[in-house]
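> predicted model, plus sequence, below.
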Amino acid sequence: MPANKKYLSHPFQRFLKLTAGFFGGYFVMLYLHLCLTKVFDKTDILITAYVTGFIVWGILLLVAFLARSGWLIWGVYLLLIALFYSIFIYL
């Protein structure tokens, strides 16, 4: 039995979710760890980023595919990137 059409997303939405999860998730993870260097020692963050970076990026990749809209997840990820970057710059 074929899948119900209302549960299938448009190919462009799948592309948006894939790019948001892959690139957006990576940059959110990167700027999160960059923000943490303001609070903790840089070498400690660099060492823990090897493990936690992959875990956080994987979670953000999954969250992107659970979102209803690719535009929404791109907006959330861009907002988080801007927030983390502004915290890094202005602290």
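Now that the structure is in, tell me what you want to look at.
> just checking, what's the longest helix in the chain?
When the chain is parsed with DSSP state H, its longest helix is helix 42-66.
> gap between that one and the chain center?
9 Å (C-alpha atoms, centre = their mean, to the nearest Å).
> so what touches the helix or strand just after that helix?
As assigned by DSSP states H and E, the chain's next helix or strand after helix 42-66 is helix 70-90. Contact partners of helix 70-90, identified using C-beta atoms under 8 Å, 6 or more residues apart in numbering, comprise 12-17, 19-21, 24-25, 27-28, 31-32, 34-35, 37-38, 60, 63-64, 67. Every residue, glycine included, has its C-beta placed from N, CA and C.
> among those residues, name the buried ones.
Neighbour-count burial (16 or more other C-beta atoms under 10 Å) is assigned, among these, to 13, 16-17, 20-21, 24-25, 27-28, 31-32, 34-35, 60, 63-64, 67.
> and residue 56, what pLDDT?
For residue 56, the pLDDT comes out at 96.
> ok now do it, which residues does it touch?
Residue 56 touches 25, 28-29, 32, counting by C-beta under 8 Å, 6+ apart.
> in helices only, show me these.
25, 28-29, 32.
> now those residues as a markdown table including distance to residue 82?
Output for these, formatted as a markdown table (distance: C-beta to C-beta, whole Å):
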| residue | distance to residue 82 |
| --- | --- |
| 25 | 15 |
| 28 | 10 |
| 29 | 15 |
| 32 | 12 |
